[in-house]
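Visitor: Based on what follows, work out the 3D shape:
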Amino acid sequence: MLALGATLVAVMVEPRTPHADEQRALSRWRSPARPSADGVVRFFVIGDWGQGNAGMRDVAAGVARAVASAPGFTFGLTLGDNFYPRGVRSVTDARWERFYEQSYGRLRLPVYATLGNHDWYARDASAQWRYVGASRTWQMPAPRYSFAVGDVQLIALDTTRWSRAQASWLDGELRAAAKRRWVIVYGHHPLYSHGMHGDNRVMIRNLGYLLRGRADFYISGHDHDKQILVRADRPIFVVAGASASVRPVRRGRATRFAQSTLGFAGFELRGDRALVRFYGVDGKVEHESRFAPRVMAAKAARSPRAR
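Guide: Modelled structure (predicted):
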C-alpha cells in the first residue's frame with residue numbers, strides 16, 4: 001500500500017507530453033453519444049470493473065437491466081482499472097472479448113473510458129485508445145479528451161499520468177465549458193474519499209483548484225465503494241468503484257451517501273436538476289440525490305434567504 005501510494009505521488013507530478021498518435025486519434029474522433037428522445041442526458045458509470053470475476057458479470061447484468069428500463073441510459077462511462085491486473089498490451093488481447101465485449105459491448109451503447117493505475121501497469125496503455133477503431137462501442141480516443149452531449153460537457157482525465165500539460169489542457173476545457181449548464185469531470189483517482197485510500201493530497205493540490213466552482217461533479221473510482229460527498233462548494237464528489245469487488249467505506253462530515261455493495265452509478269441531467277443514483281446488481285435504485293446546476297446553486301447560496 002505504501003509503495004503504491006509513493007508511486008502515485010511520483011507520477012502525479014511528473015511532466016508528460018502527449019504522444020503523437022494520441023493527438024492524431026483525438027483529431028479524427030467524433031463522439032456518437034446523444035441525449036435521450038426527451039432531451040434528457042442519461043448515462044451509467046462503472047469503476048474498477050475489469051476483474052473478470054463473478055462480481056463484474058453481476059454488475060454488467062444489472063446495468064443491462066437498467067438500460068432496458070424506460071427511460072434507459074444512452075451511454076456509459078468507465079472510471080479506469082478496466083483490465084486487471086496489468087492492463088492490456090494489444091487490441092487482440094483475449095480480455096477485450098471476455099471482459100468488455102461480452103458484458104458492456106453487447107449493450108450497443110457508446111462507453112467512454114478512462115485509464116486507471118492498473119491499466120498503466122502494462123507500461124504502454126495505448127491499446128486502450130487504439131481499440132476505438134476495432135470496437136463498435138468502446139470510446140477513448142486518447143488518455144484525456146472532452147465531449148458534449150446536449151448541454152452537458154464531459155471531460156475525461158488520465159489521473160495516473162498527471163502533468164502540467166494536462167493541467168493546462170483541463171483549464172482550457174473548463175474555460176470553454178463555462179457556459180454549459182452542466183460540467184462533469186471524471187478520472188480514476190478521487191480527491192476526497194472515506195474509503196480505503198482516503199483523501200489524496202496530491203490530487204487535491206494538483207487538481208482541486210482547477211475544479212473549484214467550475215465543475216458540477218467530479219466522478220472517480222479507485223476506492224471500491226459508492227460515495228457522494230457534498231462539500232461547501234462545487235464540484236460534488238462521486239466515487240463509483242464498486243463494479244466488480246468492494247471494500248469497507250465509512251462516513252464523514254461531507255458524506256451524503258456511502259455504501260459498500262456491488263453496483264454502479266447513474267446520472268440523469270435536465271436543465272434545472274441532476275439526479276444521481278446508485279444501483280445494486282439487480283439494477284434497482286439504492287439511493288437517489290438531487291442537485292441544481294452550479295450556477296443556480298451559487299445564486300441560492302448568495303441569496304438573503306440562504307443566510
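Visitor: Which elements pack onto the longest helix belonging to the chain?
Guide: Determined from DSSP state H, the single longest helix within the chain is helix 54-68. If contacts are counted by 3 or more Cβ pairs under 8 Å, 6 or more residues apart in numbering; DSSP states H and E, helix 54-68 sits against strand 41-46, strand 264-269, strand 274-279. Glycine gets a C-beta too; all of them are placed from N, C-alpha and C.
Visitor: Recalculate using a threshold of 10 Å.
Guide: Contact partners of helix 54-68 among helices and strands, from 3 or more Cβ pairs under 10 Å, 6 or more residues apart in numbering; DSSP states H and E: strand 41-46, strand 75-78, strand 264-269, strand 274-279.
Visitor: Mind listing the strands the first one pairs with, and their directions?
Guide: Spelled out, it's strand 41-46. strand 75-78 (parallel), strand 264-269 (antiparallel) (DSSP bridges).
Visitor: what angle separates the last one from helix 54-68?
Guide: In other words, strand 264-269. Interaxial angle, strand 264-269 versus helix 54-68 (axes from the mean of the first three to the mean of the last three Cα atoms, to 10 degrees): 30 degrees.
Visitor: Kindly export strand 264-269 (C-alpha atoms) in CSV.
Guide: This file holds the C-alpha atoms of strand 264-269, laid out as CSV (Å, rounded to 0.1, in the frame of the first residue of the first chain):
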residue,chain,number,x,y,z
PHE,A,264,-22.9,1.2,-10.4
ALA,A,265,-24.0,4.8,-10.6
GLY,A,266,-26.4,6.5,-12.9
PHE,A,267,-26.8,10.2,-13.9
GLU,A,268,-29.9,12.0,-15.2
LEU,A,269,-29.3,15.6,-16.2
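Visitor: For that strand, give the mean pLDDT please.
Guide: If you average the pLDDT over strand 264-269, you get 98.
Visitor: now stretch 160-168
Guide: Here the average pLDDT along stretch 160-168 is 94.
Visitor: those strands in the protein, which residues are they?
Guide: Along the chain, the segments classed as strands by DSSP state E run 41-46, 75-78, 111-112, 138-139, 145-149, 152-156, 182-186, 217-220, 226-229, 236-240, 255-259, 264-269, 274-279, 285-291.
Visitor: chain center to the longest one, what's the gap?
Guide: With Cα atoms, centre = their mean, to the nearest Å as the basis, the distance from the averaged C-alpha position of strand 285-291 to the chain average is 17 Å.
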